[in-house]
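Student: Fold the following, please.
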Amino acid sequence: MSFLKKIFSSEKKEKLDKGLETSKSSFFSKLNKAVIGKSKVDDEVLDRLEEILVTSDVGVNTTLKVIQRIEHRIAKDKYLGTSELNKILREEIAGLLSETNSGEETDYVVPKLEPQENGLKTPYVLMVVGVNGVGKTTTIGKLAHQFKKQGLQVVLGAADTFRAAAIDQLQVWADRVDVPMVRQDMGSDPASVAFDTLESGVKQNADVIIIDTAGRLHNKINLMNELTKVKRVMQKVIKNAPHDVLLVLDGSTGQNAFEQAKQFTAATEVTSLAVTKLDGTAKGGVVIGISDEFQIPVKYIGVGEGIEDLQVFNKYEFVDSFFK
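Tutor: Next up, the predicted model:
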């Protein structure tokens, strides 16, 4: 029951190919060296493949899953040539992403929620979390742009009140995209900002409300308490808000992104992922590993700095670009 088509179109495939070029080149350079002179996938090839996947930031646990699946295919098919390895990798990694519902069609629509008791529309509330510097505010701005392009009314809330720069940066995006933003002074209670934003969004008959939050990890307990309070206060205005908690991760940081995901999933319930800054880095494998490790769907990936370069994640297009 939704009233939105895909936020982004499949015409972005060329940009995706270009964005993942460095990751793909690095991966295949290593893979070609591993299979040179080999006609079939044996233990030595699998050992090298395991090393390649780990060094491509797929992660140890996910790598072991992939290797086990390939071993199963070898046992079943009796013979597996190195020429087929690329095809098998595509299939098994797409399978892993399917298990977390990454790249599913239904992930990229805004559900039409039941109206409020006063008859007003119930906005879809998206709370965005992530450490400073990962592209969180930029991701919010780009999402607002894409939602607005679909004819939806969007309201932003600047609940990262611990840095004046964060509030100002979000204001720049609100002005650029031409959507309203609710803000208070630096040091204000983030929950108060979230409450005001939801009240304002309801009054403005908004379709989508996006709440920015502070990106501090120095004290996990404080972060947990703060995010819990923000969610509790929002539910006083809109039942079951937020409807999605989007964790933004910087893909170029590789294993550090895993640690951030670990910290945030321990602090709050994360329901979706956006992996940014994949262009120009060889760490594209982090998308596969993080989604599998934490069993959270990837919804968006960033493959450039342009306002259109935040793409809806499509597992088939991603695997095709990474392994073709």
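Student: For Ile301, list the residues it contacts.
Tutor: For Ile301, the contacting residues are Leu16, Gly19, Gly251, Ala274, Val275, Thr276, Leu278, Val287, Leu310, Gln311, Phe313, Phe318, by CB atoms under 8 Å, 6 or more residues apart in numbering. C-betas here are computed from N, CA, C, even on glycine.
Student: Now for Asp178: which residues touch it?
Tutor: Applying CB under 8 Å, 6+ apart to Asp178 gives the contacts Lys148.
Student: Quick check: phi and psi on it?
Tutor: Backbone torsions of Asp178, given as degrees, to the nearest 10, read phi 70, psi 60.
Student: Can you tell me how far it is from Ile210?
Tutor: 14 Å (CB to CB, to the nearest Å).
Student: Number of residues surrounding Asp244?
Tutor: Counted with other CB atoms under 10 Å, the neighbours of Asp244 add up to 18.
Student: With Val182 as the reference, measure out to Gln204.
Tutor: Where Val182 is concerned, Gln204 sits at a distance of 10 Å (CB to CB).
Student: my guess is Gly201 contacts Tyr124, does it?
Tutor: No: Gly201 is beyond contact range of Tyr124, at 9.8 Å (criterion: CB atoms under 8 Å).
Student: Which residues are in contact with each of those two?
Tutor: Contacts common to Gly201 and Tyr124, judged by CB under 8 Å, 6+ apart, are Ile209.
Student: And for the nearest residue to Ala267 once chain neighbours are set aside, the neighbour number?
Tutor: Spatial nearest neighbour of Ala267, excluding adjacent residues (CB to CB, 6 or more residues apart in numbering): Met224 at 4.3 Å. Residues lying near Met224 (other CB under 10 Å) number 15.
Student: Please apply the same query to Arg232.
Tutor: Neighbours around Arg232, by other CB under 10 Å: 12.
Student: Thr268 and Val128 touch, don't they?
Tutor: No: using CB under 8 Å, Thr268 makes no contact with Val128, being 11.6 Å away.
Student: Compare these two (neighbour count), which wins?
Tutor: Higher neighbour count among Thr268 and Val128: Val128, with 26 against 20, using other CB under 10 Å.
Student: which element is that one on?
Tutor: Using DSSP states H and E, Val128 sits within strand 124-129.
Student: same question, Ile209
Tutor: Counting by DSSP H and E, Ile209 is part of strand 208-213.
Student: ok, then the element right after that strand?
Tutor: helix 220-234.
Student: Now do that following helix: distance to the chain's middle.
Tutor: For helix 220-234, the gap between its own C-alpha mean and the chain's C-alpha mean amounts to 21 Å (CA atoms, centre = their mean, to the nearest Å).
Student: which helices and strands does the helix or strand just after that helix pack with?
Tutor: The helix or strand immediately downstream of helix 220-234 is strand 244-250, counting by DSSP H and E. If contacts are counted by 3 or more CB pairs under 8 Å, 6 or more residues apart in numbering; DSSP states H and E, strand 244-250 sits against strand 124-129, helix 136-149, helix 255-267, strand 272-276.
Student: ok, how many other residues are close to Thr265?
Tutor: Thr265, neighbours per other CB under 10 Å, totals 17.
Student: Am I right that it is in contact with Phe294?
Tutor: Yes: counting by CB under 8 Å, Thr265 touches Phe294, with 5.7 Å between them.
Student: ok so, going back, and Gly201 and Tyr124? which has more neighbours close in?
Tutor: Neighbour count, other CB under 10 Å: between Gly201 and Tyr124, Gly201 has more, with 30 against 26.
Student: quick one: average pLDDT of the host helix or strand of the more buried one?
Tutor: According to DSSP H and E, Gly201 maps onto helix 190-203. Throughout helix 190-203, pLDDT has a mean value of 96.
Student: if we can go back for a sec, state the mean pLDDT of the strand holding Ile209.
Tutor: Averaged over strand 208-213, pLDDT sits at 97.
Student: quick one: that strand to chain centroid distance?
Tutor: With CA atoms, centre = their mean as the basis, strand 208-213 stands 15 Å off its chain's centre.
Student: Can you list the helices and strands that that strand packs against?
Tutor: Here strand 208-213 touches strand 124-129, helix 136-149, strand 154-159, helix 190-203, helix 220-234, going by 3+ CB pairs under 8 Å, 6+ apart.
Student: Sort out which residues of the second one are buried, please.
Tutor: In this case it means helix 136-149. Across helix 136-149, burial judged by 16 or more other CB atoms under 10 Å covers 136-148.
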